[in-house]
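**Student:** Here is the input, now give the coordinates:
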Amino acid sequence: METQISYASRIGLVANSAAAVSGIGMDATNAFIGQGVLAGGPNTTQVGGTAAYSAPPLLGFHVFSANEQGDSTNANNINVASQNAFSVLARM
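**Tutor:** Okay, here's the model as predicted:
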């Protein structure tokens, strides 16, 4: 039985040449196993998308997370209008 994870996000860029990424992490909040949205472009661009991952049967304790990464320069909005949604379906 698989564990199914999805993270739908919407990113709003605030400056020219701004960039941001959102996706799914497993057992780490600094690495992606499923990259959903990669946004880059002109000022005020909004990009939406979904990351999806199906994990094979897992042993032990695991943590899935909704990861986000900015460009370290601009204050991009990675949850435009509070529309992000993270869901996990674990079958046991």
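**Student:** can you give me the mean pLDDT across the helix or strand containing residue 48?
**Tutor:** Assigned by DSSP states H and E, residue 48 belongs to strand 46-55. Mean pLDDT, computed over strand 46-55, is 87.
**Student:** As PDB, could you dump the C-alpha coordinates of that strand?
**Tutor:** Below are the C-alpha coordinates for strand 46-55, written out as PDB (Å, rounded to 0.1, in the frame of the first residue of the first chain):
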ATOM      1  CA  GLN A  46       1.700  34.500 -10.000                       C
ATOM      2  CA  VAL A  47       2.300  30.800 -10.600                       C
ATOM      3  CA  GLY A  48       0.400  27.800  -9.300                       C
ATOM      4  CA  GLY A  49       1.000  24.100  -9.400                       C
ATOM      5  CA  THR A  50       0.900  20.800  -7.500                       C
ATOM      6  CA  ALA A  51       3.600  18.500  -6.300                       C
ATOM      7  CA  ALA A  52       2.600  14.800  -6.000                       C
ATOM      8  CA  TYR A  53       4.600  11.900  -4.600                       C
ATOM      9  CA  SER A  54       3.600   8.200  -4.000                       C
ATOM     10  CA  ALA A  55       5.800   6.600  -1.400                       C
END
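**Student:** Show me the shaky parts of the chain.
**Tutor:** Applying pLDDT under 70 to the chain picks out residues 1, 92.
**Student:** follow-up on the earlier one: partners of the strand holding residue 48, with directions?
**Tutor:** strand 3-12 (antiparallel) (DSSP bridges).
**Student:** Spatially central residue for the chain, please.
**Tutor:** The centroid of the chain falls nearest to residue 23 when counting by CA atoms, centre = their mean (2.3 Å).
**Student:** just checking, that residue is part of a strand?
**Tutor:** Yes: assessed with DSSP: H, G, I helix; E, B strand; the rest coil, residue 23 lies in a strand.
**Student:** contacting residues for it?
**Tutor:** 7, 32, 33, 34, 35, 36, 37, 51, 67 (CB atoms under 8 Å, 6 or more residues apart in numbering). All C-beta atoms are positioned from the backbone trio N, CA, C, and that covers glycine.
**Student:** Highest neighbour count among those?
**Tutor:** Counting neighbours by other CB atoms under 10 Å, residue 7 leads those with 27 neighbours.
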